[in-house]
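> give me a model of this one.
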Amino acid sequence: MQSPYANLPDRAFWGRSVARPAPEAVDPTDDPPFRLTPEDRIATAGSCFAQHISRALLREGFNYIVTEAGPEARNYGVYPARFGNIYSTRQMLQLFQRAYGLFSPVDEVWRRPDGAFVDPFRPQVEPDGFRTVEALVKDRTRHLAAVRTMFETCDVFVFTLGLTETWECEQDGAVVPLAPGVAGAPEHASYRFVNRRVAEMTEDLTAFITKLRLLRPDLRVILTVSPVPLIATYEPRHVLVSTIYSKSALRVVAEEVSQSLPDVAYFPSYEIITGHHARYGHFADDLRSVQPTGVDHVLGMFKRRFLAGKAVAPPPAPAAPRPAEKAAAPAPKPVPSNAATEDAELEALYKVVCDEEALDP
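Next comes the predicted model:
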């Protein structure tokens, strides 16, 4: 009797597809159930690593939607709407519910030590905070309208799962991205720490996609898991153990949902960065930040697997006319390469907004 493994492809064997190839040649991706075209309207949300995917879509000229525009210094354009990092499945589900009036949290305003007001559900989007409660409420109303537009117009939704550890209001279960005392102080309800389990996260994510498909029946979803470790844990144990639990549980959630719902694909950004073949070479010295080479490696595979067709780049802006009588300006002299300047430019290019960093400033 022939072994059932006899005719499997090389990718099914560790030695052939992980141990022996060069690290950059290891490709754990599979052909997805669908591909993205330049005409597809694409939205993203999730942890800080999700921002790399949105930038790649913009660079490739794909139709990445932005429904809430404004200055980048105030966190506009980081995601389609200014909701900040969405780390957990419960937070994602509740954003949908809040946008459509299905959930009205008891606690709507926090106050910082400097007296500024912050939105508990996006506490760092406004760097200086809001001067008045009225200004905060007005901005939130505008923001949730932009969230509804995002949900109602996107053809593809990319969600990067980031954390299992959450803080929720004891009174109504509202989940916030940062613990009280980190981003501000609540004036009413108290909060408790909850480390989510696989079953409830699977239920939350399934409910979110199901509700969203009531608006967009043909919606396609791409799930990823962030490879970035926890910056801190509230569990009474080592942060490394909490990180492995968190990422393992989220990976199971992504598997459960992608296997049970149609047109939900999983992209292995977590495996590409943290797999044995990479030998931790994709991480910076802090063993948490992903190096630009690692980000580019992930995005290259994402592009190859998911992006179909070639987007049309916008035409260059016409040069300003120059009076004929003026002589052409001399060409600038080449500036000597400066390693520090280059490093700063590279850091700015790959820098992401990460609310979690407030836990260990």
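
> for the residue nearest the centre of the chain, which residues are in contact?
If you average the C-alpha coordinates of the chain and look for the closest C-alpha using CA atoms, centre = their mean, you land on residue 50, 2.3 Å from that point. For residue 50, the residues meeting the contact criterion (CB atoms under 8 Å, 6 or more residues apart in numbering) are 44, 79, 158, 159, 160, 224, 226. Every residue, glycine included, has its C-beta placed from N, CA and C.

> hmm, residue 158 and the first one touching each other?
Yes: Residue 44 sits in contact with residue 158 when judged by CB atoms under 8 Å, with a separation of 4.4 Å.

> between these two, which contacts overlap?
Both residue 44 and residue 158 are contacted by 50, 53, 54, under the criterion CB under 8 Å, 6+ apart.

> coming back round to it: the residue nearest to the centre of the chain and residue 200: what is the separation?
The span separating residue 50 from residue 200 equals 22 Å under the rule CB to CB, to the nearest Å.

> from residue 287, how far out is the residue nearest to residue 233 when sequence neighbours are not counted?
Spatial nearest neighbour of residue 233, excluding adjacent residues (CB to CB, 6 or more residues apart in numbering): residue 242 at 3.6 Å. If you measure residue 242 against residue 287 using CB to CB, the figure is 15 Å.

> more neighbours: which of those two?
Neighbours were tallied for residue 242 and for residue 287 using other CB atoms under 10 Å; the higher tally belongs to residue 242 (21 against 9).

> pull out the buried residues from the helix or strand containing the more buried one.
Element membership for residue 242, per DSSP states H and E: helix 239-260. By neighbour count, and taking 16 or more other CB atoms under 10 Å as the criterion, the buried residues in helix 239-260 are 239, 242-243, 245-247, 249-251, 253-254, 256-258.

> want to try CSV for these, with pLDDT as columns?
Below are the buried residues of helix 239-260 laid out as CSV (pLDDT from 0 to 100):
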residue, pLDDT
239, 98
242, 98
243, 97
245, 98
246, 98
247, 97
249, 98
250, 98
251, 98
253, 98
254, 98
256, 98
257, 98
258, 98
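
> about what we covered before: just the ones of the shared contacts of residue 44 and residue 158 in helices?
With helices taken from DSSP state H, the overlap with these comprises 50, 53, 54.

> for the contacts of residue 50, pick the one with the most neighbours.
Comparing these by number of neighbours (other CB under 10 Å), residue 160 comes first, having 29 neighbours.

> isn't that one right up against residue 54?
No: taking contacts as CB under 8 Å, residue 160 lies outside contact range of residue 54: 10.1 Å.

> where do the strands sit along the stretch 101-250 of the chain?
Remark: strands of the stretch 101-250 of the chain, listed N- to C-terminal, are 110-111, 117-118, 156-161, 165-169, 175-176, 185-186, 191-195, 220-225; assignment by DSSP state E, counting those that start in this stretch.

> on contacts alone, who are the packing partners of the fifth one?
I take that to be strand 175-176. helix 89-99, strand 165-169 (3 or more CB pairs under 8 Å, 6 or more residues apart in numbering; DSSP states H and E).

> nearest to residue 218, out of the ones you listed?
Residue 218 lies closest, by CB to CB, to one member of the helices and strands packed on strand 175-176: helix 89-99, at 17.7 Å.

> which residues touch stretch 168-186?
Outside stretch 168-186, the residues within contact range by CB under 8 Å, 6+ apart are 84-88, 90-91, 94, 103, 105-107, 110-113, 117-118, 120-124, 166-167, 188-194, 234, 355-356, 358-359.

> same thing with stretch 19-38?
Looking at stretch 19-38 with CB under 8 Å, 6+ apart, the contacting residues turn out to be 11, 17-18, 42, 61-63, 156, 220, 222, 262-263, 265, 267-268, 271-272, 275, 277-279, 281, 297, 301, 304-312.

> PyMOL command to pick out the buried ones of those residues?
Written as a PyMOL command, the selection of buried residues from these, which uses 16+ other CB under 10 Å, is:
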select buried, resi 17+42+62+63+156+220+222+263+265+267+268+271+272+275+277+278+297+301+305+306+307+311
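
> in helices only, show me the contacts of stretch 19-38.
Cross-referencing the contacts of stretch 19-38 with the helices (criterion: DSSP H) gives 271, 272, 297, 301, 304, 305, 306 as the overlap.

> just give the nearest non-adjacent residue to the fifth one, would you?
Spatially, and ignoring its direct neighbours in sequence, residue 304 is nearest to residue 29 (7.7 Å; CB to CB, 6+ apart).

> look up how far residue 266 lies from the one you found.
Distance check for residue 29 against residue 266: by CB to CB, it reads 10 Å.

> these two - which one has more neighbours?
A count of neighbours by other CB under 10 Å puts residue 266 above the other of residue 29 and residue 266, at 21 against 18.

> I'd assumed residue 255 was in contact with that one.
Yes: in this structure, residue 266 is within contact of residue 255 by CB under 8 Å, at 6.7 Å.

> could I get the full set of strands for the stretch 251-361 of the chain?
For the stretch 251-361 of the chain, strands defined by DSSP E, counting those that start in this stretch occupy the ranges 264-266.

> wait, what's in contact with residue 70?
If a contact means CB under 8 Å, 6+ apart, then residue 70 has 76, 77, 82 as its contacts.

> and those, which is closest to residue 131?
Among the contacts of residue 70, and counting by CB to CB, the member closest to residue 131 is residue 82, at 17.6 Å.

> mind listing what the closest one touches?
Applying CB under 8 Å, 6+ apart, one finds that residue 82 lies in contact with 68, 70, 74, 75, 76, 122, 125, 143, 146.
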